[in-house]
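Chemist: Build me a structure from this.
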Amino acid sequence: MPQTTVAVLGTGILGLPVAANLAADGFTVRAWNRTRSRAEPLTARGVLVTDTPADAVSGADVIITLLSDGSAVTETITAVADALSSDAVWIQSSTVGVHATEHHARLADELGVAFVDAPVLGSQQPAENGELVVLAAGAPEIRDRVQPIFDTIGHRTRWVGDSGAGAAGSRLKLVANSWVLAIVGATGEAIALAQGLDVDPHDFLDAVSGGGVDSPYLQGKGRAVIAENYEPSFSAANAEKDARLVAEAAILAGVQLDVAEAVGARLRRAVSQGHGADDVVAAYFASWPGGHRPDSTS
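Modeler: As a prediction, the model looks like this:
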């Protein structure tokens, strides 16, 4: 059978390992990123890095968008309209919210390409390990074409809708994100409170370890804060964007989300304090005036 050519548009924290894993699994992969230097490491992995998104998608069987937000996705896909193959499938895996996903589904229809709404759960390490969870919605007749791609980049695919136009994948992603954001906010607050009360935060993590309220995420992010390690696997700025999308979805659903609103406010404060490029757990800094714990080296 002919080899599938995949164009990956956006090679950030998720896009870079996605492209690398696809190439390692035998797909022909082209990649584009607005800042080309961030995509260049892929050349050593057998990926063709292109100067323009149109060069990446020309003749491609499948296009995957992993970009920062809905506007970036719209701008990029519109720019490559003339280069798209008529039988191409567009997998939209950026987290962009309900309204933007519905808009992208309509745009795909106008461009004459099949559309799969497929955001993913997971950050840098799961992406590198090919262990993302894909939350996909798309027509049954195109699932066989994209499933091998999902099997490469993730360890599980959950098909949640027959049409990407309904944004079923993105709706589920927002629900999951509301939970992740709650854990992020609670972890930062608990560590900050421990430090403020002169309690060793290690004692807190050890106290809940292995119990019903423990989680690997709490342990990993909590110990990262204690070690003052904010190397981003998912940035605070992107998390703040996701918090806004959750808030928009809540308005759409007529649901009051007090925890999500509070975590969004903490993230906005941390970003305004200069921690937007740090890992999402840098929301911890929102607990301290000026964004810095008085006795911290950060």
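
Chemist: can you pull out the helices in this structure?
Modeler: 15-24, 53-57, 70-79, 98-111, 124-128, 140-153, 168-196, 201-208, 216-226, 236-253, 258-270 (DSSP state H).

Chemist: low-confidence ranges in this structure?
Modeler: Within the chain, the stretches with pLDDT under 70 are 1-2, 296-298.

Chemist: redo that, cut-off 90
Modeler: Along the chain, the model assigns pLDDT under 90 to residues 1-3, 289-298.

Chemist: which residues sit in contact with Thr187?
Modeler: Counting by C-beta atoms under 8 Å, 6 or more residues apart in numbering, Thr187 touches Tyr217, Leu218, Lys221, Gly222, Val225, Val281, Tyr284. For glycine as for every other residue, the C-beta is placed from the backbone atoms N, C-alpha and C.

Chemist: is it true that the fourth one touches Asp203?
Modeler: Same thing as Gly222. No. Using C-beta atoms under 8 Å as the test, Gly222 is too far from Asp203 to be in contact (11.4 Å).

Chemist: what comes into contact with the lengthiest strand in the chain?
Modeler: Longest strand in the chain, counting residues (DSSP state E): strand 154-161. The contact list for strand 154-161, computed with C-beta under 8 Å, 6+ apart, reads 117, 120, 122, 130-138, 143, 147, 150-151, 168-169, 172.

Chemist: now these: which count as buried?
Modeler: Among the contacts of strand 154-161, the ones that count as buried by 16 or more other C-beta atoms under 10 Å are 117, 120, 122, 130, 132-138, 150, 168-169, 172.

Chemist: okay, among those, which ones form the most distant pair?
Modeler: Gly130 and Ala168 (23.7 Å; C-beta to C-beta).

Chemist: ok, back up a step: higher neighbour count, Gly222 and Asp203?
Modeler: More crowded of Gly222 and Asp203, by other C-beta atoms under 10 Å: Gly222, with 23 against 9.

Chemist: Format the helices of the chain as TSV; extra columns: distance to Asp295.
Modeler: Below are the helices of the chain laid out as TSV (distance: least, C-beta to C-beta, whole Å):
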stretch	distance to Asp295
helix 15-24	36
helix 53-57	47
helix 70-79	40
helix 98-111	43
helix 124-128	30
helix 140-153	42
helix 168-196	8
helix 201-208	13
helix 216-226	13
helix 236-253	22
helix 258-270	19
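
Chemist: about what we covered before: among the contacts of Thr187, find me the one that's closest to Arg38.
Modeler: Once C-beta to C-beta is applied, the member of those that ends up nearest Arg38 is Val281, at 22.7 Å.

Chemist: Run a quick neighbour tally on that closest one.
Modeler: Val281 has 28 neighbours, counted by other C-beta under 10 Å.

Chemist: partners of Ile64 in the sheet?
Modeler: Val8, Ile91 (DSSP bridges).

Chemist: surely it meets Ala88?
Modeler: No. Using C-beta under 8 Å, Ile64 is not in contact with Ala88, being 11.1 Å away.

Chemist: returning to that earlier point: return the set of buried residues in the longest strand of the chain.
Modeler: Gly154, Thr157, Trp159, Val160, Gly161.

Chemist: Going through the contacts of Thr187, which ones are buried?
Modeler: Neighbour-count burial (16+ other C-beta under 10 Å) applied to the contacts of Thr187 gives Leu218, Lys221, Gly222, Val225, Val281, Tyr284.
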